[in-house]
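Enquirer: What follows is a protein structure lacking sequence information:
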C-alpha cells in the first residue's frame, strides 16, 4: 500500500507534465494547421480601396447629418431622413450585388456569411477588416444613440443605415476576399450490401 502511493503520485505528476506539454504545443499545431491560401501575404496596398473610401464617406455624411438633426431637430431632420434612406438603398444594392458574386464564387470557394459580410477570419487583411468594421460599428452606434435621444421622430430612419456598411463589407469580400477551396462531399448512394438469403 505504501509502495503504491509514491508510484501513483509520480504518474499523476507525469500526466500533469504531459498536459502542460500538450498545451504548449497547441499554438504551434494551430500555426501548422493554417492553410496556404490563408497564410499567403496580402499586397502592401490592399485591393478595394474605393469601396472602403465610399464606406467612410457615407459614414461621415450620416454622422454629421444625424448628430446635427438630433441637436437641432429642425428642417435638417428631413435632410437626415434623405441621407438615411439613400444610404440604405445603396446598402441594399451592394448587399444583393455581393450575394450574386458570392453565388458565382461558391462554385469554387467555400464562402461563409461571417467572412462575406463581416470580413471574419483570413477573408480580408487586418487593416481592411478593422477599417470597414469600425465604419459599420460607428453607423450602428450613431443610429441607435440619435434615435434614442430623439424618440418618436424621423431620426428613427437612421436605424436603416448599417445596411450600408453590411452591403459594402459584402461587396469588398465578394470581389476581393479570400476564401478556402470548396470541399466537395461525396453524396453518392452507398453500395448495396449482400444479404444472406
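Expert: All right, it came through fine. As the structure is a computational prediction, the values presented were derived from the model and not from experiment.

Enquirer: Would you map the strands across this protein?
Expert: Counting by DSSP state E, the chain has strands at residues 109-110, 180-181.

Enquirer: Name every strand pairing with the first one and say which way it goes.
Expert: Here strand 109-110 has these sheet partners by DSSP bridges: strand 180-181 (antiparallel).

Enquirer: chain center to the strand it pairs with, what's the gap?
Expert: 17 Å (C-alpha atoms, centre = their mean, to the nearest Å).

Enquirer: Low-confidence regions, the protein specifically.
Expert: For the chain, the stretches with pLDDT under 70 are 1-34, 37, 185-197.

Enquirer: wait, what's in contact with residue 183?
Expert: residue 110 (C-beta atoms under 8 Å, 6 or more residues apart in numbering). For every residue, glycine as well, the C-beta is placed using N, CA and C.

Enquirer: ok, now how distant is the residue sitting nearest the centre point of the chain from residue 173?
Expert: The centroid of the chain falls nearest to residue 118 when counting by C-alpha atoms, centre = their mean (1.9 Å). Distance, residue 118 to residue 173, by C-beta to C-beta, to the nearest Å: 9 Å.

Enquirer: Look up how far residue 158 lies from residue 61.
Expert: Relative to residue 158, residue 61 is positioned 12 Å away (C-beta to C-beta).

Enquirer: and those two? which has more neighbours close in?
Expert: Neighbour comparison, residue 61 and residue 158: the larger count goes to residue 158, with 29 against 15 (by other C-beta atoms under 10 Å).

Enquirer: I'd like to know how many residues surround the residue nearest to that one when sequence neighbours are not counted.
Expert: Once flanking residues are discounted, residue 158 sits nearest to residue 143: 3.9 Å by C-beta to C-beta, 6 or more residues apart in numbering. When counting by other C-beta under 10 Å, one arrives at 22 neighbours for residue 143.

Enquirer: So residue 143 is in contact with residue 163, correct?
Expert: No: the pair residue 143 / residue 163 is not scored as a contact, 10.3 Å apart, by C-beta atoms under 8 Å.

Enquirer: Can you point out the buried residues in stretch 78-89?
Expert: 80-81, 83-84, 87-88 (16 or more other C-beta atoms under 10 Å).

Enquirer: Other residues contacting it?
Expert: So stretch 78-89 is contacted by 58, 61-62, 65-66, 68-69, 154-155, 157-158, 160-161, 163-164 (C-beta under 8 Å, 6+ apart).

Enquirer: again with stretch 41-50
Expert: Residues contacting stretch 41-50 (C-beta under 8 Å, 6+ apart): 124-125, 127-128, 172, 175-176.
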